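Enquirer: Sequence first, predicted coordinates after that:
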Amino acid sequence: MLERKNTVEVVAVIMVVERRVLLVRKASTTRFMLPGGKRNPGEDDISCCVREIREELNLELQPEKLQALGIHREEAANEPDTTVVAAVYEYVGTLGEPTVSAEIAEMKWLDLEEKQKEEAHLAPLLLKMLPYIRSSTAHSIGSIKYCNNT
């Protein structure tokens, strides 16, 4: 692996509903990624996941429904010469209706059944995690429910 000058530490949350994973694109960027972000000073991973999802997607996660999937290192999507070190979590609770806010310009549901023609528009960490997400939706991730509050 090529060594990069900079490192950024983040949390990322996998949320799958009906074989579709929720992705976000931040303003002034071109690649879609898992929602999440950087920890505030003194903040633990779970608190950061809950805060970031609230800020980015107006969703309230139940902390006990976040399951750790480990630390993953990959090329940063939108920062040159940077490695992202992500603590990745899967959410296995009920979701409300997500809406974009904060620095998020766009969100989309990526169908896990379809082969991706747009891989150039997906963040490297997401591309690395997609085989896991696709294989695990048959069991733990597949249990996520979607609650439409309208």
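Expert: Thanks, I have the structure now. These figures come from a predicted structure and were not determined experimentally.
Enquirer: Quick one: residues contacting the most centrally placed residue in the chain.
Expert: The chain has residue 34 as the residue nearest its centroid, 2.1 Å off, counting by Cα atoms, centre = their mean. With contacts defined as Cβ atoms under 8 Å, 6 or more residues apart in numbering, residue 34 is in contact with 12, 13, 14, 21, 23, 24, 86, 88, 123, 125, 126, 129. All C-beta spots, glycine's among them, are computed from the backbone N, C-alpha and C.
Enquirer: Nearest residue to the fourth one in space, please, no chain neighbours.
Expert: Nearest in space to residue 21, with sequence neighbours left out and distances taken as Cβ to Cβ, 6 or more residues apart in numbering, is residue 110 at 5.0 Å.
Enquirer: ok, and that neighbour, which helix or strand is that part of?
Expert: Taking DSSP states H and E as the definition, residue 110 sits inside strand 104-111.
Enquirer: average pLDDT for that strand?
Expert: The average pLDDT within strand 104-111 is 94.
Enquirer: wait, doesn't the residue nearest to residue 21 sit right on residue 23?
Expert: Yes: under the criterion of Cβ atoms under 8 Å, residue 110 makes contact with residue 23 at 5.4 Å.
Enquirer: list the residues that contact both of those two?
Expert: With contacts taken as Cβ under 8 Å, 6+ apart, residue 110 and residue 23 have residue 32 as neighbours in common.
Enquirer: Which ones among the contacts of residue 34 lie within strands?
Expert: 12, 13, 14, 21, 23, 24, 86, 88 (DSSP state E).
Enquirer: Right, I'll call it a day here.
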